[in-house]
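Participant: With the sequence up front, the predicted model follows.
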Amino acid sequence: MWKFMPYIAKGLWRNRTRAALTVSGAAVAMFVFTFVGSVQEGMANLNRGSQTERSLIVFQANRFCPSTSRLPEDYARALAKIPGVEEAVPIKVYMNNCRASLDLVVFHGLPPEKLRKIRDLKLAAGDWSTFEKQRDAAVVGNALAKRRNLSVGQRFSIGEVTITVAGIFTAANAADESFIYTHLEFLQRTRGLNSVGRVTQIEILLAEGTDAAALCRSIDEKFRSKEIQTDTRPKGVFQARAVGDLVELIGFARYLGFACVALVLTLVGTTTLMAVQDRVREHAVLQTLGFSWQRIFGLVMIESLIVSLTGGALGTGLAMAALSWKGLAVGSEGVTIAFSTSPMLAVIGLLATALVGLVAGLLPAWTAARAEIVESLRSI
Amino acid sequence: MALVEIHALTKEYHKGDQKIVPLKDVTLAIDKGDFVSLMGASGSGKSTLLNLIAGIDKPSAGTIHVAGVDITNLSRTQLAHWRASHVGYIFQLYNLIPVLTAYENIEMPLLLLPLARAERQKRVEIAMEAVGLTDRADHYPRQLSGGQEQRVGIARAIVADPVIVVADEPTGDLDAETSEQILQLLQRLNTELGTTLLMVTHDPKSASIARRQLRLEKGVLLEPEPPKVALAAV
Ligand SMILES: Nc1ncnc2c1ncn2[C@@H]1O[C@H](COP(=O)(O)OP(=O)(O)OP(=O)(O)O)[C@@H](O)[C@H]1O
Ligand SMILES: [Mg+2]
């Protein structure tokens, strides 16, 4: 079929305006498709990673937004003594917006020496010792750094909190890359937040082979009679509840993705059919020259595939570029869902457009291939 | 044995209960190297016969043997492969592919044959030289005159060195002078290259350059006595 590529290419070039419009339509649709796929994948990744499976979050009972949960910090010490608990890390969460947001900035204040025990982070810039020594130092997630143009040494303020960027990290779990980690004491003592001795939540790292559900129950039991009761859940469950509203929305967005694919299908199908109808006579001439119907069928299919894949590659490529450039994340109640930019997503986008190109080509290709030669030669 | 042997060939169309019979029981033999013209009133079935011989249409009854093969028995796909190597078709309206240059148009039938690029190039050049168009290789059909377009059409028809070349009113859309040149070209192909030609025409003068002249009248084939064209023209 390579021998026929100049013919196919020149045929597309003949109707370049039409082809370009279809390609850009397909590109826009695949751009949206990739965005939707990206947040879907981000949601699926939210609870991935061993840290999530091995972690519990202790929260104040009947509180939802992190800014309303206020646990005594010394609960952490008590929790650390419970068998099955490997680490109990008090965390103060501070953020710019408790509601669902596309530009969520979330501070996690914790004892600096504990950070690397409960999180799998790698510094892309800066160093750990600065972070651990300097009171207002913070390490910033790569996605957030991109979104806010942050670099090491810079000072950065949100509301009453002003930190100095000591490092920028990448994480095994992309959702972590939207966080800022600071010293617990620093965050507690920030004017306006003043909550010395209080934390938002306590994150528990389980020892190997511990029954998470049972431990949750016994923790909540332990503090039942205390002044402030707790609500303990596995981290995955905790996060799923926090982003609950978003999950529904994101789940619904899946249909938007399907609609985009259907749109590409109709666009490419219509264009290819029009191209075939314009060339009824030309295809009859080719058949007269000795082109078999299978060959005509193949030529039309390739044409459809080229249009579809060009649009798909363009849209998917632009979406991937935009996503990795801005490190987008949506978040709610202090939990973020990072837009994923895995190569798998690009592969899925391209496979989808290839499939769509083939399906869209079927009817036009069949029409062209099965046309009667003599009758078609008489047509204008 | 003749190159083309047609036996009891009939073509019918059914429109409701109406029956149209463009060809009725035609029997004909064409020898290798012959130049045959086919005349007849409009609607007499000339194109129908030509298309059947070229293997782009199927008869209702009868057989067509070309070089010993009964092409009425071939499947649609087999027939396509057969056409690629056996038939050259010259159209009245040239039917060149508008997006391809003269060179690429002529090369098209060769792409279907197992030929290396260099071999294809050689053959296209020979065909272009035969029709006297070597300087127009890179021109697109819209940049050519009608006569030049038809030369490209003729080159495309002969480039694969087919067993038979058919032409349906090849000068039907050209002025008298250009027609004359095209007819001379066809005659030269016949005499110099030995191409077997079957040409449909309306014009008795054009028909007269053929070695053998046939007439169709309402689907029935007649073979009149050789030329009285000079008298008819007076
Ligand atoms: N698909 C068809 N259905 C019905 N009748 C047809 C069909 N195709 C051709 N015919 C009829 O067959 C007859 C012969 O047609 P054909 O095209 O062979 O004539 P022709 O001799 O080439 O005429 P012209 O000189 O005008 O080209 C005509 O009466 C035509 O109407
Ligand atoms: Mg005709």
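Facilitator: The structure has been received and is ready for your questions. Ligands and ions are numbered 1, 2, ... in the order given.
Participant: The residue in the stretch 201-350 of chain A positioned nearest to chain B: how many residues sit nearby?
Facilitator: Among the residues of the stretch 201-350 of chain A, residue A:290 lies closest to chain B, at 2.6 Å counting by C-beta to the nearest C-beta. C-beta: built from backbone N, CA, C; applies to glycine. Applying other C-beta atoms under 10 Å in any protein chain shown, we find 26 residues neighbouring residue A:290.
Participant: Let me know the helix or strand that the residue nearest to it when sequence neighbours are not counted is in.
Facilitator: Take residue A:290 and drop its neighbours on the chain: the residue closest to it by C-beta to C-beta, 6 or more residues apart in numbering or on different chains is residue B:84, 2.6 Å away. Residue B:84 belongs to helix B:76-86 when assigned by DSSP states H and E.
Participant: Could you say which helix or strand holds the residue of the stretch 1-150 of chain A found nearest chain B?
Facilitator: Proximity of the stretch 1-150 of chain A to chain B (C-beta to the nearest C-beta) peaks at residue A:10, 4.0 Å away. Per DSSP H and E: residue A:10 is located in helix A:5-14.
Participant: Now do the contacts for the residue of the stretch 201-350 of chain A closest to chain B.
Facilitator: B:80-85, B:87, B:109, B:112, B:160 (C-beta atoms under 8 Å, 6 or more residues apart in numbering or on different chains).
Participant: Looking at those, which one is closest to chain A?
Facilitator: Taking those together and measuring to chain A by C-beta to the nearest C-beta, the closest member is residue B:84, at 2.6 Å.
Participant: Can you read off the pLDDT for that closest one?
Facilitator: Here, the pLDDT recorded for residue B:84 equals 96.
Participant: Next: the one 3 residues further on.
Facilitator: As predicted, residue B:87 sits at a pLDDT of 97.
Participant: for residue A:237, same thing?
Facilitator: Predicted confidence (pLDDT) for residue A:237: 85.
Participant: Helix or strand for it, just tell me which one.
Facilitator: helix A:235-242.
Participant: Quick one: distance of the helix holding residue A:10 to the chain centre.
Facilitator: Offset of helix A:5-14 from its chain centre (C-alpha atoms, centre = their mean, to the nearest Å): 38 Å.
Participant: ranges for the helices of chain B?
Facilitator: B:46-53, B:76-86, B:102-107, B:117-130, B:146-158, B:176-193, B:204-207, B:229-233 (DSSP state H).
Participant: what about the last one, average pLDDT?
Facilitator: So the one you mean is helix B:229-233. pLDDT averaged over helix B:229-233 gives 47.
Participant: ditto for the first one
Facilitator: Mean pLDDT, taken over the full extent of helix B:46-53, equals 96.
Participant: counting contacts, what elements does that helix pack onto?
Facilitator: strand B:4-15, strand B:18-30, strand B:35-40, strand B:61-66, strand B:164-168, strand B:197-200 (3 or more C-beta pairs under 8 Å, 6 or more residues apart in numbering or on different chains; DSSP states H and E).
Participant: for those, which one sits closest to residue A:39?
Facilitator: Of all the helices and strands packed on helix B:46-53, it is strand B:4-15 that lies closest to residue A:39, at 60.8 Å by C-beta to C-beta.
Participant: Give me the nearest residue to residue 70, chain neighbours excluded.
Facilitator: Chain wasn't specified; assuming chain A. residue A:198 (4.6 Å).
Participant: I was after chain B.
Facilitator: residue B:63 (5.3 Å).
Participant: Can you spell out which residues form a bridge with that neighbour?
Facilitator: residue B:7 (DSSP bridges).
Participant: So for the one helix or strand residue A:322 maps to, what gets flagged as buried?
Facilitator: Assigned by DSSP H and E, residue A:322 falls within helix A:293-326. Residues A:293, A:295-317, A:319-320, A:322-323 are the ones in helix A:293-326 that count as buried (16 or more other C-beta atoms under 10 Å in any protein chain shown).
Participant: got it, and stretch B:171-187?
Facilitator: B:171-174, B:178-179, B:182-183, B:185-186.
Participant: is it possible to export those to TSV including pLDDT and distance to ligand 1?
Facilitator: Formatted as TSV, the buried residues of stretch B:171-187 follow (pLDDT from 0 to 100; distance: C-beta to the nearest ligand atom, whole Å):
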residue	pLDDT	distance to ligand 1
B:171	94	13
B:172	91	9
B:173	90	12
B:174	92	16
B:178	94	20
B:179	94	16
B:182	95	18
B:183	95	18
B:185	95	22
B:186	96	18
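Participant: distance of residue A:151 from residue B:45?
Facilitator: 85 Å (C-beta to C-beta, to the nearest Å).
Participant: Mind checking which of these two has more residues around it?
Facilitator: Neighbour totals were compared for residue A:151 and residue B:45, and residue B:45 leads with 24 against 12 (other C-beta under 10 Å).
Participant: what number of residues lie near the closest residue to that one other than its chain neighbours?
Facilitator: Residue nearest to residue B:45 in three dimensions, not counting chain neighbours: residue B:22, with 4.0 Å by C-beta to C-beta, 6+ apart. Other residues within reach of residue B:22, judged by other C-beta under 10 Å, total 20.
Participant: just checking, residue B:133 touches residue B:105?
Facilitator: No. Between residue B:133 and residue B:105 there is no contact under C-beta atoms under 8 Å: 10.8 Å.
Participant: When the two are compared, which one has more neighbours?
Facilitator: Each of residue B:133 and residue B:105 has its neighbours counted (other C-beta under 10 Å); residue B:105 has more, 26 against 21.
Participant: if I look at the residue nearest to that one when sequence neighbours are not counted, how far off is residue B:52?
Facilitator: Leaving aside its sequence neighbours, residue B:105 sits nearest to residue B:96 (C-beta to C-beta, 6+ apart; 4.9 Å). To residue B:52, residue B:96 is 24 Å away according to C-beta to C-beta.
Participant: For chain B, give me the ranges with low pLDDT.
Facilitator: The model of chain B has pLDDT under 70 over residues B:225-234.
Participant: Those residues of it touching chain A, which are they?
Facilitator: B:51, B:54, B:56-57, B:76-77, B:80-85, B:87, B:89, B:91, B:95, B:97-100, B:104, B:108-109, B:111-112, B:156, B:160 (C-beta under 8 Å from any C-beta of the partner chain).
Participant: give the contact list for residue B:149.
Facilitator: B:94, B:96, B:141.
Participant: residues contacting the last one?
Facilitator: Taking C-beta under 8 Å, 6+ apart as the criterion, residue B:141 is in contact with B:94, B:96-98, B:100, B:102, B:105, B:149, B:152.
Participant: can you do 6 Å?
Facilitator: B:96, B:98, B:149 (C-beta atoms under 6 Å, 6 or more residues apart in numbering or on different chains).
Participant: quick one: the closest residue to the second one other than its chain neighbours from ligand 1, how far?
Facilitator: In this structure, residue B:98 finds its nearest non-sequential neighbour in residue B:141, 5.4 Å apart by C-beta to C-beta, 6+ apart. Counting by C-beta to the nearest ligand atom, to the nearest Å, the separation of residue B:141 from ligand 1 is 23 Å.
Participant: Likewise for residue A:74?
Facilitator: Residue A:74 is 96 Å from ligand 1, by C-beta to the nearest ligand atom.
Participant: do you know how far the residue lying closest to that residue once chain neighbours are set aside is from chain B?
Facilitator: In space, and not counting its chain neighbours, residue A:74 is closest to residue A:197: 7.6 Å by C-beta to C-beta, 6+ apart. As judged by C-beta to the nearest C-beta, to the nearest Å, residue A:197 and chain B stand 80 Å apart.
Participant: which parts of chain B sit against ligand 1?
Facilitator: B:13, B:20, B:22, B:40, B:42-48 (C-beta under 6 Å from any ligand atom).
Participant: same thing but 5 Å
Facilitator: Residues of chain B that fall close to ligand 1, judged by C-beta under 5 Å from any ligand atom: B:13, B:20, B:22, B:42-48.
Participant: Tell me which residues touch the residue most central in space within chain B, please.
Facilitator: Chain B has residue B:166 as the residue nearest its centroid, 1.3 Å off, counting by C-alpha atoms, centre = their mean. Taking C-beta under 6 Å, 6+ apart as the criterion, residue B:166 is in contact with B:50, B:54, B:89, B:198.
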